[in-house]
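Novice: Have a look; sequence and predicted model below, questions after that.
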Amino acid sequence: MATKNKLFLGLFVHSKALNELEYLHDTAVGVDKEGKITFVERDCAEKKARETVLPQLGWKDAEVEVVKAKEGQFFFPGFIDTHIHAPQYPNAGIFGNSTLLNWLDTYTFPLEVSLSDLAKARRVYTRVIHKTLSHGTTCAAYFATIDVPATNLLADLCHARGQRALIGRVCMDEPSTSPANYRDESAEASVAATRESIAHIRALDPTHTLIRPIITPRFAPTSTFPLLVQLGALAAETTLPIQTHLSENRAEIALVKTLFPPTVTGAADDSYAGVYDAAGLLTGRTVLAHAVHLTTGEAALVARRGAKVSHCPGSNTALGSGAARVRRLLDRGIVCGLGTDVSGGFSPSVLEAARAAVMVSRHVVFMGEEVAGEDREREKLSVEEVLFLATRGGAEVVGLEERVGKFAVGMEWDAQLVGLGVVGEDGEVVGDEDGGDVDVFGWETWPDRVAKWVYNGDDRNTKMVWVKGRLVHARK
Ligand SMILES: Nc1nc2[nH]cnc2c(=O)[nH]1
Ligand SMILES: [Zn+2]
């Protein structure tokens, strides 16, 4: 909870549309004690804000905290990581040459099972929350583990530290694919454990101001069909969001076809998306990670159901899963956001995921087969587009588009202050600001500066971070 009314002054940059950033220069933004934006005044310097805007609101000047963006700095909406595995953080960068299915067995399941040790879970979760906040992630959709106490601890830590989060207790009960020491005893036991975690989060944050539960079948291959169906029913009963993985890797897709023939699911065909649909898991509140190899029919089904996609380009490259054709999804009206997918992805930074999304979209252009009449150049994603995915797109993916993702009256102040290195006449960076690898000489346009941030920025540029008006990170 923010304790004081706040006045933010300077340049604000946010997405106006998928391919358009808006630059609000010399602007004043007021944020009340609840963390809500109460005014956005353009062409409003500090004097005018203090003398005219604050009195209108009945805010006493002396009680207002003022934060000014300096030269080379701008406010930007907080990033939304629509897909990240908190317990896998210690494995970031450790994947060798593995691909999804052997990576899960070799690296992932053993680490996740070990986090039932709550001291270890606390250590890992404290660090991943700190790390993601320091990279400007104000909201994350986390997969936890199957362990209820450790999952609840992740919710507690996010709440205490002030990070907005969706917390999913992982469900997996299929004996042929889930390790004996890391699986639910039955579909019923899995649902009961999920209900326990939901109850804990409801008690922690009854109005879901910051933390909300999310129903989390790991993915089809580690689930029995009854489990998927029961989780679909739980989602319908509770109206909670759902997160899972879809069509990430070709071997995974083949496995789904053997485990879920139409005789099991009652679906018209053996498509992967069709399995989730048959279980009632494809909804407008569903976050589907990856969706790399969707058939045209599956993409149409996902679009019809209004399910959302978390694009995880870093992970898809690292685990050799493939290159998702994001433009194809966007063209169909499928809402997309970005996911780091730590530790399939090695970086906890959404800025890095945005950069990877740009690069992967270029690989799509030059690796794909030529199809007559298809303009492959259109597959390229721009800086503006990936920043939209990182903020407004992500907000819609996790169902928070009415609350976060842009600067407007009534929205909540989830934001980051970004600082770039300003190079002075002597060739040295001005002042004591560490701009990291982003050097601005002063002749660049603001769109060019933002592009420099996207391509060369890192957490050294993330100076301050707020969630719902509360300062949750300040770079030392
Ligand atoms: N990237 C990724 N894909 C998965 N599919 C099932 N589990 C996982 C996971 O932990 N990470
Ligand atoms: Zn994942």
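Specialist: Thanks, I have the structure now. Residues are numbered from 1 along each chain as shown. Ligands and ions are numbered 1, 2, ... in the order given.

Novice: hey, let's count contacts and neighbours off CA atoms from now on
Specialist: OK.

Novice: Which residues are in contact with whichever residue of the stretch 301-450 of the chain sits closest to ligand 1?
Specialist: Of all residues in the stretch 301-450 of the chain, the one sitting closest to ligand 1 is residue 344 (4.6 Å; CA to the nearest ligand atom). Counting by CA atoms under 8 Å, 6 or more residues apart in numbering, residue 344 makes contact with 92, 95, 314-316, 318-319.

Novice: try it again with 6 Å
Specialist: Contacts for residue 344 (CA atoms under 6 Å, 6 or more residues apart in numbering) come out as residue 315.

Novice: Also residue 465?
Specialist: Contacts of residue 465 were listed using CA under 6 Å, 6+ apart, and they are 415-416, 471-473.

Novice: Considering only those, which also neighbour ligand 1?
Specialist: Checked against ligand 1 using CA under 6 Å from any ligand atom, those yield no neighbours at all.

Novice: Which of those has the largest number of neighbours?
Specialist: Neighbour counts for these, by other CA atoms under 10 Å, peak at residue 416, which reaches 29 neighbours.

Novice: Secondary structure element holding it?
Specialist: When elements are assigned from DSSP states H and E, residue 416 belongs to strand 415-419.

Novice: quick one: strands adjacent to that strand?
Specialist: strand 73-77 (antiparallel), strand 462-467 (antiparallel) (DSSP bridges).

Novice: nearest to residue 207, of those?
Specialist: Closest of these to residue 207 is strand 462-467, at 16.2 Å (criterion: CA to CA).

Novice: Would you mind checking the average pLDDT for the closest one?
Specialist: Mean pLDDT, computed over strand 462-467, is 98.

Novice: Equivalent analysis for stretch 319-333, please.
Specialist: pLDDT averaged over stretch 319-333 gives 97.

Novice: what comes up buried for that stretch?
Specialist: Residues 319-327, 329 are the ones in stretch 319-333 that count as buried (16 or more other CA atoms under 10 Å).

Novice: can the strands paired with strand 415-419 go into CSV with extra columns for distance to residue 153?
Specialist: CSV is the format used below for the strands paired with strand 415-419 (distance: least, CA to CA, whole Å):
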stretch, distance to residue 153
strand 73-77, 27
strand 462-467, 20
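
Novice: I'd like the distance between residue 409 and residue 55.
Specialist: 18 Å (CA to CA, to the nearest Å).

Novice: So the two - more neighbours on which side?
Specialist: Counted by other CA under 10 Å, residue 409 and residue 55 do not tie: residue 409 has more neighbours, with 15 against 12.

Novice: surely the more buried one meets residue 41?
Specialist: No: here residue 409 does not reach residue 41: they are 10.1 Å apart, not a contact under CA atoms under 6 Å.

Novice: where does this structure come near ligand 1, residue by residue?
Specialist: Neighbours of ligand 1 within the chain, by CA under 6 Å from any ligand atom: 218-219, 245, 341, 344.

Novice: Of those residues, which is the most crowded?
Specialist: residue 341 (33 neighbours).

Novice: List the contacts of it.
Specialist: 83-84.

Novice: how far away is the closest residue to residue 74 other than its chain neighbours from ligand 1?
Specialist: Once flanking residues are discounted, residue 74 sits nearest to residue 11: 5.0 Å by CA to CA, 6 or more residues apart in numbering. Look at residue 11 and ligand 1: by CA to the nearest ligand atom, to the nearest Å, they are 37 Å apart.

Novice: Wasn't residue 11 part of a helix?
Specialist: No: checked against DSSP: H, G, I helix; E, B strand; the rest coil, residue 11 lies outside a helix; its state is strand.

Novice: Surely it touches residue 22?
Specialist: No: with contacts defined as CA under 6 Å, residue 11 does not count as touching residue 22, sitting 10.2 Å away.

Novice: Which one of those two is surrounded by more residues?
Specialist: Set residue 11 next to residue 22 and count neighbours by other CA under 10 Å: residue 11 wins out with 22 against 13.

Novice: Provide a list of residues in contact with the residue most central in space within the chain.
Specialist: By CA atoms, centre = their mean, the chain has its centre lying nearest to residue 81, at 1.4 Å. By CA under 6 Å, 6+ apart, residue 81 lies in contact with 140, 339.

Novice: Can you read off the pLDDT for it?
Specialist: Per-residue pLDDT puts residue 81 at 99.

Novice: and residue 320, what are its phi and psi?
Specialist: The phi/psi pair for residue 320 (degrees, to the nearest 10) reads phi 60, psi 30.

Novice: From residue 98, how far out is it?
Specialist: According to CA to CA, residue 320 stands 8 Å off from residue 98.

Novice: do the same with residue 58
Specialist: In terms of CA to CA, residue 58 sits 60 Å off from residue 98.

Novice: For these two, indicate the residue with more neighbours.
Specialist: Comparing residue 58 with residue 98 by other CA under 10 Å, the one with more neighbours is residue 98, at 15 against 8.

Novice: Name the SS class of that one, please.
Specialist: coil.

Novice: Pull the contacting residues for it.
Specialist: Residue 98 neighbours (CA under 6 Å, 6+ apart): none.

Novice: Kindly state the domain boundaries assigned to this structure.
Specialist: Per automatic domain parsing, the structural domains of the chain span 5-77+406-474, 79-397.

Novice: give me phi/psi at the nearest residue to residue 399 once chain neighbours are set aside?
Specialist: Computed as CA to CA, 6+ apart, the closest residue to residue 399 that is not its neighbour in sequence is residue 285, at 6.9 Å. Phi and psi for residue 285, reported as degrees, to the nearest 10, are phi -110, psi 20.

Novice: And residue 285, how far from ligand 1?
Specialist: Distance, residue 285 to ligand 1, using CA to the nearest ligand atom: 19 Å.

Novice: same check, this time on residue 473
Specialist: Distance, residue 473 to ligand 1, by CA to the nearest ligand atom: 28 Å.

Novice: Number of residues surrounding the nearest residue to residue 411 once chain neighbours are set aside?
Specialist: Spatially, and ignoring its direct neighbours in sequence, residue 411 is nearest to residue 403 (4.8 Å; CA to CA, 6+ apart). By the measure other CA under 10 Å, the count of residues near residue 403 is 18.

Novice: My guess is residue 403 contacts residue 412. True?
Specialist: Yes: look at residue 403 against residue 412 with CA under 6 Å: they come within range, at 5.5 Å.

Novice: still on that earlier bit, using CSV, lay out the buried residues of stretch 319-333 together with secondary structure.
Specialist: Listed next are the buried residues of stretch 319-333 as CSV, based on three-state DSSP:
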residue, secondary structure
319, coil
320, coil
321, coil
322, coil
323, coil
324, coil
325, coil
326, helix
327, helix
329, helix
